[in-house]
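# my questions are about this predicted structure, shown below with the sequence.
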Amino acid sequence: QLQLVASGGGLVQPGKSLRLSCAAPDISLDSYAIGWFRQAPGKERERVSCVEMSDGSTYYADSVKGRFTISRDNAKNTVHLHMNSLNSEDTGVYYCAPGSFSLCVAGAFVGPWGQGTQVTVSS
């Protein structure tokens, strides 16, 4: 079962930036789409962004459009989520998972989710 490793989270002040990374140590991601999802305390997991590894197609949720950028590095088998102008509503555990691009856009990924990485936006 393909399980990805998310990293790069932390505590950051409002308005600042963070870069998250998603890696697959043991298998190529080239045939997948990778989705970033997040879950805030007491809320359901929500889809943030998706990237198709084969052609670079991307998708963003309205809540992050213009602030977040998803990028892929096929040579390093890694996906990054660049998060700018962070605010308190961006706080949560961020997960990355593999699947198809259409399912990611639909927010229909079922995992596996891994441990995720905590992002806390607070002054």
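Received the coordinates, thanks.

# neighbours around Thr78, how many?
Thr78: 17 surrounding residues under other CB atoms under 10 Å. No exception for glycine: its C-beta is placed from N, CA and C like everyone else's.

# so what's it bridging to?
On the basis of DSSP bridges, Thr78 is bridged to Ala23, Asp73.

# so who does Tyr59 touch?
Residues near Tyr59 by CB atoms under 8 Å, 6 or more residues apart in numbering: Ser49, Cys50, Val51, Phe101, Cys104, Val105.

# quick one, what contacts the most centrally placed residue in the chain?
Central residue of the chain (CA atoms, centre = their mean): Trp36, 2.3 Å from the mean position. With contacts defined as CB under 8 Å, 6+ apart, Trp36 is in contact with Leu20, Cys22, Arg47, Val48, Ser49, Cys50, Ile70, Val79, Leu81, Tyr94, Tyr95, Cys96.

# low-confidence ranges, this protein, go.
Applying pLDDT under 70 to the chain flags the ranges 1.

# quick one, helices of it?
101-105 (DSSP state H).

# ok, Val51 touching Arg72?
Yes. Using CB atoms under 8 Å, Val51 makes contact with Arg72 at a distance of 5.2 Å.

# find residues that contact each of those two.
Ile34, Val79.

# more neighbours: these two, which one.
Taking other CB under 10 Å, Val51 and Arg72 do not tie; Val51 has more neighbours (27 against 22).

# any chance of the contacts of Tyr59 in TSV, plus distance to Val64?
Formatted as TSV, the contacts of Tyr59 follow (distance: CB to CB, whole Å):
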residue	distance to Val64
Ser49	7
Cys50	12
Val51	13
Phe101	17
Cys104	14
Val105	14
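
# of the residues you listed, which is the nearest to Asp26?
Distance to Asp26 across the contacts of Tyr59 (CB to CB) is lowest for Val51, with 19.9 Å.

# what sits against the closest one?
Ala33, Ile34, Ser57, Thr58, Tyr59, Ile70, Ser71, Arg72, Val79.
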